[in-house]
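> Using only what follows, build the 3D model:
(one chain, ligands or ions: 1)
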Amino acid sequence: MNIAVDVVSEELSCSQIDAIGVGELVSYGQTLSAMLDMVEASDAVTTVGASLASVLHSASLTGGAKPACCDVSRYGRELMYLDPAKRFTILVLRWLPGAATRIHGHNAWGVVGVHSGNLTIRCYDLLDDTSLVSQTMQVVGSAGDVSIVGPAPKGIHAISNETDSEAYSVHIYGMDLSVEPEGINVYYE
Ligand SMILES: [Fe+2]
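Numbering: from 1, shown residues only. Next up is the predicted model:
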């Protein structure tokens with residue numbers, strides 16, 4: 001699918017990172033790296049899932065700074081931390097009102113937490129061995145809510161901001177996304 005790049009406004013065209021939020025997330029990432037040194041690789045996702053909620057309540061990612069650029073789809077992502085052993089990447093996503101992803105799954109495990117605002121999450125099941133999906137659930141996540149997402153074809157979903165306010169979320173994925181942050185996604189439409 002081709003998405004025309006459309007700068008929404010000058011305010012949104014640059015990437016400015018809030019120093020406090022970045023510092024907290026980098027510190028959390030370093031702590032997480034040390035924690036994962038202590039557990040089996042198969043336990044990594046539950047370790048991350050159990051620890052993210054407290055960070056969501058403390059990391060100040062907004063406050064006038066803009067953690068990510070947004071294109072015509074009205075959301076953007078910014079790399080916050082790459083585990084030195086490349087076991088995971090932490091990203092911040094900024095969602096303008098009306099932002100919406102395509103229906104997708106992930107190439108690795110993921111843990112997604114809402115930092116601020118409200119995000120609508122729709123879940124889908126894959127139909128047979130085709131690329132067709134059917135919606136199975138819809139929830140609205142608010143600040144502090146954390147979801148664990150299994151690799152595709154598990155955990156097929158779409159996320160949207162259906163409010164009039166911006167939303168921010170923290171995403172931790174079990175792979176190196178430092179070169180291609182969108183490389184986590186497998187699309188189904
Ligand atoms: Fe996703």
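> Quick one: name whatever helix or strand follows the lowest-mean-pLDDT helix or strand in the chain.
Within the chain, no helix or strand scores below helix 19-36, which has a mean of 83 by mean pLDDT, DSSP states H and E. Later in the chain than helix 19-36, the nearest helix or strand by DSSP states H and E is helix 44-58.
> Phi and psi next, for Tyr81.
phi -160, psi 140 (degrees, to the nearest 10).
> unless I'm mixing things up, it is touching Gly29, no?
Yes. Assessed by CB atoms under 8 Å, Tyr81 is found in contact with Gly29 at 3.2 Å. Where C-beta positions appear, they are placed from N, C-alpha and C, glycine not excepted.
> list the residues that contact both of these two?
Contact criterion CB atoms under 8 Å, 6 or more residues apart in numbering; residues shared by Tyr81 and Gly29: Ile90.
> ok so, going back, go through the least confident helix or strand of the chain and flag the buried ones.
Within helix 19-36, the residues that count as buried by 16 or more other CB atoms under 10 Å are Gly21, Val22, Glu24, Leu25, Tyr28, Gly29, Leu32, Ser33, Leu36.
> try stretch 86-100
Across stretch 86-100, burial judged by 16+ other CB under 10 Å covers Arg87, Phe88, Thr89, Ile90, Leu91, Val92, Leu93, Arg94, Trp95, Leu96, Ala99.
> and the gap between the residue nearest to the spatial centre of the chain and Leu127?
The residue lying closest to the centre of the chain (CA atoms, centre = their mean) is His171, at 3.2 Å. Separation of His171 from Leu127 (CB to CB, to the nearest Å): 26 Å.
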